[in-house]
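Visitor: Sequence first, predicted model second:
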Amino acid sequence: MRLRSAWLGLGWLGVAGVVVLSLVPLPPMAGAEHGDKFGHATTYALLMWWFGQAWMRRDVRARTAAGVLALGVVLEFAQGWTGFRDFSLADMVADALGIALGWLLAPPRTPNLLQRAATYLARAG
């Protein structure tokens with residue numbers, strides 16, 4: 001149970017990191033007009049995959065996916081309001097594609113790292 005709490009805590013730290021990095025001013029990146037879409041998809045896939053390790057039930061995963069997508073949408077609007085970041089529908093699409101990918105890559109299609117770690121620690125302890 002402690003390991004699950006730590007896992008979820010790390011996931012929430014990831015969410016906090018996404019919020020901060022989405023709202024701070026960044027230096028302009030040469031040639032990255034659409035290059036950040038890969039970053040969006042990867043980041044949101046990782047968030048969905050991470051929480052998918054802890055929540056196996058389909059209904060909980062669906063709520064998680066909806067919450068992560070809502071995070072991406074809210075952050076895009078917030079970026080538009082900052083005056084130094086841009087609002088982008090394409091970023092929202094990249095976020096959604098990443099969430100779908102993260103769901104597809106989460107257990108049971110791939111090994112559940114949280115379960116494996118719990119099993120390993122139980123045997124070692």
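Guide: Alright, I've got the coordinates. Numbers count the residues shown, from 1 in each chain.

Visitor: Roughly how far does the residue nearest in space to the middle of the chain sit from G35?
Guide: Per CA atoms, centre = their mean, the C-alpha nearest to the average position across the chain is that of L47, at 2.2 Å. Using CB to CB, to the nearest Å, we find L47 at a distance of 20 Å from G35. All C-beta spots, glycine's among them, are computed from the backbone N, C-alpha and C.

Visitor: I'd like to check what contacts stretch 7-20. Which residues are they?
Guide: For stretch 7-20, the external contacting residues (CB atoms under 8 Å, 6 or more residues apart in numbering) are 43, 46-47, 50-51, 53-54, 71, 75, 114.

Visitor: Weed out the non-buried ones from those.
Guide: 43, 46-47, 50-51, 53-54, 71, 75, 114 (16 or more other CB atoms under 10 Å).

Visitor: The residues you listed: which two are farthest apart?
Guide: Farthest-apart pair in the buried ones among the contacts of stretch 7-20 is L75 and L114; separation 26.2 Å (CB to CB).
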